[in-house]
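model this:
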Amino acid sequence: QVQLVESGGGLVQAGGSLRLSCAASGGTFSRYYMGWFRQAPGKEREFVAAISWIGSSTSYTDSVKGRFTISRHNALNTVYLQMNNLKPEDTAVYYCAATTRPPGPRPYDYTNWGQGTQVTVSS
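Numbers count the residues shown, from 1 in each chain. Coordinates of the predicted model:
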C-alpha cells in the first residue's frame, strides 16, 4: 500500500501561484493512477485533476482548466499540482489520492489518501 504526503500549501493572494507536491512511499509509484481533490469548509470533497500511470493522460475539472497543471515524476515518486491565477474560490484543503485502476472523478474511485495541505487564496 502506498503512503502519500502532500506539501506546498499556503496563503497566497488572488492571481498568485502555488505548486503542491505529493510524495509517495511504500509502493511501486508507477503502478498508481494519481489524483488531486479538494475540500472547502462545509462542502463535499471534489475532484480537481488526475494523471495516468506514466503521465500520458490527464483530466481536470472545468473550473481549473487552463490554470492548473498536474504532472508526475515517477523516478522521484512524486506528483505535482501547479496552480496559477489562483482565485479565492480555490481555497480548500487539497488531497492527493492514488489507485491502481483507472478511476472516475469520485473520491471512492481512489484507495489511498494523503492527509491534505491547506491552500488559502485571499482577495
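
all strands in the protein, in order from the N-terminus.
3-7, 10-13, 18-25, 33-39, 46-51, 58-60, 68-73, 78-83, 92-99, 112-113, 117-122 (DSSP state E).

can you state the direction angle for the first one and strand 18-25?
Meaning strand 3-7. Here strand 3-7 runs at an angle of 160 degrees relative to strand 18-25 (axes from the mean of the first three to the mean of the last three Cα atoms, to 10 degrees).

What are the buried residues along strand 3-7?
4, 6 (16 or more other Cβ atoms under 10 Å). To be clear about C-beta, it is placed using only N, CA and C from the backbone, and glycine gets the same treatment.

pretty sure Trp53 contacts Tyr33?
Yes - between Trp53 and Tyr33 there is a contact under Cβ atoms under 8 Å: 6.0 Å.

Can you give me the separation between the residue nearest to the spatial centre of the chain and Gly16?
For the chain, the residue sitting closest to the mean C-alpha position, by Cα atoms, centre = their mean, is Trp36 at 2.3 Å. Distance, Trp36 to Gly16, by Cβ to Cβ, to the nearest Å: 18 Å.

beta partners for the residue nearest to the centre of the chain?
Ala49, Cys96 (DSSP bridges).

Tell me the predicted confidence for it.
Trp36 is assigned a pLDDT of 98 by the prediction.

before we move on, what about the one 5 residues further on?
You'll see Pro41 listed with a pLDDT of 93.

And it, how far from Gly9?
15 Å.

Between these two, which has more neighbouring residues?
Per other Cβ atoms under 10 Å, whichever of Pro41 and Gly9 has more neighbours is Gly9, with 18 against 7.

Was I right to think that one contacts Gly114?
No - assessed by Cβ under 8 Å, Gly9 is found out of contact with Gly114, at 11.2 Å.

quick one: low-confidence ranges for this protein?
Residues of the chain meeting the criterion pLDDT under 70: none.
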